[in-house]
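Peer 1: Generate coordinates for the sequence data below:
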Amino acid sequence: MKEIRLGIVGMGVQGSLYANILTGTPIPYMPPIKKPEGCLLTAVSSRSEQAKEFASHLPNVTYFNDWKEMIDSGLCDAIVITVPHFLHHDVTIYALEAGLHVLCEKPADVRASDVEKMLSVQKATGGNLTLATLFNQRTNPLFRRLKTMINAGEFGEMRRVNWICNNWWRPDSYYQSNAWRATWTGEGGGITVNQIPHQLDLMNMLCGAPSRVYSINRYGCHRDIAVENDVTISLEYPNGATGVFVACTHDPLGTDRLELDFDKGKIVVDNSTHATIYRFNQSEQEWNASLSMRDLMMMRQNPDNLYSVEEFDVTLTYGSEYVDIFENFVNNIINGEPLFATMEDGLREVQLANSIALSGWTKCPVTNPCNQEEYNDYLEKMMETEK
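Peer 2: Next comes the predicted model:
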């Protein structure tokens with residue numbers, strides 16, 4: 001099988017993890033992770049001496065102090081980007097113009113306008129280079145199975161989505177561990193750009209993008225930080241469906257519960273690993289036209305008269321989702337296998353994150369995608385205030 005030569009730009013926590021996975025290097029205190037097929041790590045780039053020392057123990061991997069030199073070296077067919085969010089578009093554009101494929105860590109960037117630049121360059125280079133977003137949660141077979149069911153119309157039209165996603169507890173020591181964490185200038189925001197991009201993407205994947213957003217954002221909520229770490233988001237969809245998404249980093253117990261209401265059924269997902277599916281024997285519209293409240297109460301005594309129930313679980317093994325992403329990325333390059341997450345998917349997630357941020361700053365509902373110039377101006381103001 002053909003192998004794609006990969007280079008990693010950025011050797012922080014994620015970059016070092018990916019280097020170990022791509023080379024099949026055992027990771028201390030973790031179960032073995034299968035080496036991805038079709039992947040050959042040939043180079044890494046970082047400015048830190050610690051990363052240089054780390055790279056010296058990786059077999060047949062060349063270290064570079066400058067990511068541009070690595071891209072220009074001819075040692076890579078593709079790169080994996082794990083640098084700070086604000087640099088994603090610069091590295092991506094340089095790599096695409098050099099003829100390399102790109103797999104970019106989430107979020108695709110901070111500003112949706114910068115992601116649009118990445119897509120424009122991909123198109124300008126002929127559109128033959130793979131440009132993917134590293135949304136590894138899309139490999140979860142539970143969400144993939146649900147997406148197939150929803151797209152097939154098994155539940156009818158969506159009416160409402162509710163997702164409580166409070167299982168992101170982070171203490172002040174976490175935020176203080178690096179100077180860039182939870183800052184406008186270093187990270188571009190808080191929970192919206194760091195913890196929940198995966199869930200925002202999954203909502204887009206399952207429900208489509210909302211058309212309107214109103215978000216109540218709390219900044220430094222019970223934490224010594226300036227950025228948002230508590231969000232309550234109201235969503236409106238083009239078909240009239242509504243939704244609520246809640247997330248924070250100060251709930252030590254945490255909850256991960258997703259509910260999707262449809263005309264012909266209901267889906268409940270707990271902890272992203274257990275799904276309960278209710279299939280109505282008739283659509284809610286038909287019940288509305290034919291049943292009284294008393295009729296429905298009587299029928300509830302024997303739920304089989306109302307709906308059938310299906311449940312399934314998935315077992316997630318840490319690291320396997322990254323293996324799936326890397327293999328999917330190289331297979332797309334080799335034989336055109338459909339990507340788990342394109343850069344267009346990455347753009348939609350950043351657009352939603354920008355809308356959430358702008359709504360929080362203005363304390364007003366905003367359309368999604370939001371006014372990009374207005375978002376960019378507000379972000380610049382936050383960064384200047386922080387300086």
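
Peer 1: For Cys104, what is the enclosing helix or strand?
Peer 2: Counting by DSSP states H and E, the element that carries Cys104 is strand 101-105.

Peer 1: Strand partners (parallel or antiparallel) of that strand?
Peer 2: If you go by DSSP bridges, strand 101-105 pairs up with strand 78-81 (parallel), strand 131-134 (parallel).

Peer 1: residues of the last one that come out buried?
Peer 2: Same thing as strand 131-134. Leu131, Ala132, Thr133, Leu134 (16 or more other Cβ atoms under 10 Å). C-beta: built from backbone N, CA, C; applies to glycine.

Peer 1: In CSV: the strands paired with strand 101-105, plus mean pLDDT and distance to Leu235.
Peer 2: As requested, those are exported to CSV (pLDDT from 0 to 100; distance: least, Cβ to Cβ, whole Å):
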stretch, mean pLDDT, distance to Leu235
strand 78-81, 98, 29
strand 131-134, 98, 21
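
Peer 1: Take these and lay them out in TSV including distance to Val246.
Peer 2: As requested, the strands paired with strand 101-105 are exported to TSV (distance: least, Cβ to Cβ, whole Å):
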stretch	distance to Val246
strand 78-81	30
strand 131-134	24
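
Peer 1: quick one: Glu386 and Ala226 touch, right?
Peer 2: Yes - if you go by Cβ atoms under 8 Å, Glu386 and Ala226 touch, sitting 6.3 Å apart.

Peer 1: shared neighbours of these two, anything?
Peer 2: Thr183, Trp184 (Cβ atoms under 8 Å, 6 or more residues apart in numbering).

Peer 1: Neighbour count for those two, which is higher?
Peer 2: Neighbour count, other Cβ atoms under 10 Å: between Glu386 and Ala226, Ala226 has more, with 16 against 12.

Peer 1: what about the more buried one, distance to Thr92?
Peer 2: In this view, Ala226 and Thr92 are 28 Å apart by Cβ to Cβ, to the nearest Å.

Peer 1: just Glu259 next, same as before
Peer 2: Relative to Thr92, and taking Cβ to Cβ, Glu259 is found at 36 Å.

Peer 1: mind listing the helices in the stretch 51-200 of the chain by residue range?
Peer 2: 67-72, 88-97, 112-124, 141-151, 172-175, 197-207 (DSSP state H, counting those that start in this stretch).

Peer 1: Mind putting the ones you listed into TSV with mean pLDDT, mean neighbour count and distance to Ile4?
Peer 2: Compiled in TSV, the helices of the stretch 51-200 of the chain are given as follows (pLDDT from 0 to 100; neighbours: other Cβ atoms under 10 Å; distance: least, Cβ to Cβ, whole Å):
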stretch	mean pLDDT	mean neighbour count	distance to Ile4
helix 67-72	98	19	15
helix 88-97	98	22	14
helix 112-124	98	19	17
helix 141-151	98	15	23
helix 172-175	96	13	35
helix 197-207	98	22	24
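
Peer 1: can you list those in JSON lines and add distance to Lys266?
Peer 2: Formatted as JSON lines, the helices of the stretch 51-200 of the chain follow (distance: least, Cβ to Cβ, whole Å):
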{"stretch": "helix 67-72", "distance to Lys266": "48"}
{"stretch": "helix 88-97", "distance to Lys266": "37"}
{"stretch": "helix 112-124", "distance to Lys266": "32"}
{"stretch": "helix 141-151", "distance to Lys266": "12"}
{"stretch": "helix 172-175", "distance to Lys266": "36"}
{"stretch": "helix 197-207", "distance to Lys266": "13"}
